[in-house]
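Asker: got a structure for you, letters missing:
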């Protein structure tokens, strides 16, 4: 008898956290995807540094939860693994688009949309973007890199009006000089215009650096009005 692989689509309960209240007063919407092994309920607290009445932060959580110590202890979540990766990508892309479609119509018509990915969450955002092409203003890759298997060049017009940010700590053990150089080369090959910002730190969302980024985003909006 031959073993065969199958799949079936089922309903799945997705979890997300918010900081702020949706409504027409919201001028800035951050959609923040966590990194490997994190939980959205903890990750969303990073954004208290930029929290104001005119900000809404949406922090979705990856579907795949696991125990860090095997059978007990702290729980983390992942966006995908190499097993059935295309199915997992399709699931979370659909999930992010559902959140986007639910919340964005509730906000100010000219709301600035910031897609923020940390570590593994960077690839998560990029894959969603190149499947659904949502309206957004800023893409922030924080301590994470562009997925190398995507081709951004056919979509130059789409990215031309958007601000792209690459932020990382100079002591990040995961971003070696070799990986950074490969990333710079990929950005150049893909004809993307990223602004790079570094901070004195490791593989974290540095709060001071986050405040500076928020300030630049606000300044950019004022300059365009």
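Answerer: Good, I have the coordinates. All values reported here derive from a predicted model rather than from experimental measurement. Numbering: from 1, shown residues only.
Asker: what's the lowest-mean-pLDDT helix or strand in the chain in contact with?
Answerer: The helix or strand of the chain with the lowest confidence, counting by mean pLDDT, DSSP states H and E, is strand 64-67 at a mean of 85. With Cβ atoms under 8 Å, 6 or more residues apart in numbering as the contact definition, strand 64-67 has outside contacts at 73-81, 88. The way it works is simple: take the backbone N, C-alpha and C, and place the C-beta from them, glycine included.
Asker: let's see it at 6 Å
Answerer: Counting contacts by Cβ atoms under 6 Å, 6 or more residues apart in numbering, the residues outside strand 64-67 that touch it are 73, 75, 77-78.
Asker: same check, this time on stretch 150-167
Answerer: Residues outside stretch 150-167 that contact it (Cβ under 6 Å, 6+ apart) are 130, 138-142, 190-192, 194-197.
Asker: Type out the PyMOL command that picks the buried ones from those residues.
Answerer: Written as a PyMOL command, the selection of buried residues from these, which uses 16 or more other Cβ atoms under 10 Å, is:
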select buried, resi 130+138+139+140+141+142+190+192+194
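Asker: The least confident helix or strand of the chain pairs with which strands, parallel or anti?
Answerer: Sheet pairing for strand 64-67, assigned by DSSP bridges, gives strand 75-78 (antiparallel).
Asker: buried sites along the partner strand?
Answerer: The neighbour-count criterion (16+ other Cβ under 10 Å) identifies 76-78 as the buried residues of strand 75-78.
Asker: Adding pLDDT, write those out as JSON lines.
Answerer: Listed next are these as JSON lines, based on pLDDT from 0 to 100:
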{"residue": "76", "pLDDT": "90"}
{"residue": "77", "pLDDT": "91"}
{"residue": "78", "pLDDT": "91"}
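Asker: wait, residue 16 sits on residue 57?
Answerer: No: distance between residue 16 and residue 57: 10.2 Å, which falls outside the contact criterion (Cβ atoms under 6 Å).
Asker: which of these two has more neighbours?
Answerer: Set side by side, residue 16 and residue 57 give different neighbour counts by other Cβ atoms under 10 Å, the larger being at residue 57 (23 against 17).
Asker: Now do the SS call for the more buried one.
Answerer: Residue 57 carries the three-state label strand when classified by DSSP: H, G, I helix; E, B strand; the rest coil.
Asker: How about residue 113?
Answerer: Residue 113 - assigned by three-state DSSP - is strand.
Asker: Show me what counts as buried in the strand or helix carrying residue 99.
Answerer: Taking DSSP states H and E as the criterion, residue 99 maps to helix 85-103. Within helix 85-103, the residues scored as buried using 16+ other Cβ under 10 Å are 88-89, 91-93, 95-96, 99-100, 103.
Asker: what sits up against that helix?
Answerer: 14, 22, 58, 60, 79-80, 127-128, 131-132, 134.
Asker: Find the helix or strand that residue 43 is a member of.
Answerer: Taking DSSP H and E as the definition, residue 43 sits inside helix 40-43.
Asker: That should have said residue 127, apologies.
Answerer: For residue 127, the secondary-structure element it belongs to, assigned by DSSP H and E, is helix 120-132.
Asker: So which elements touch the helix or strand that that helix is followed by?
Answerer: Counting by DSSP H and E, the next helix or strand C-terminal to helix 120-132 is strand 138-142. With contacts defined as 3 or more Cβ pairs under 6 Å, 6 or more residues apart in numbering; DSSP states H and E, the secondary structure elements packing on strand 138-142 are strand 112-118, strand 163-169.
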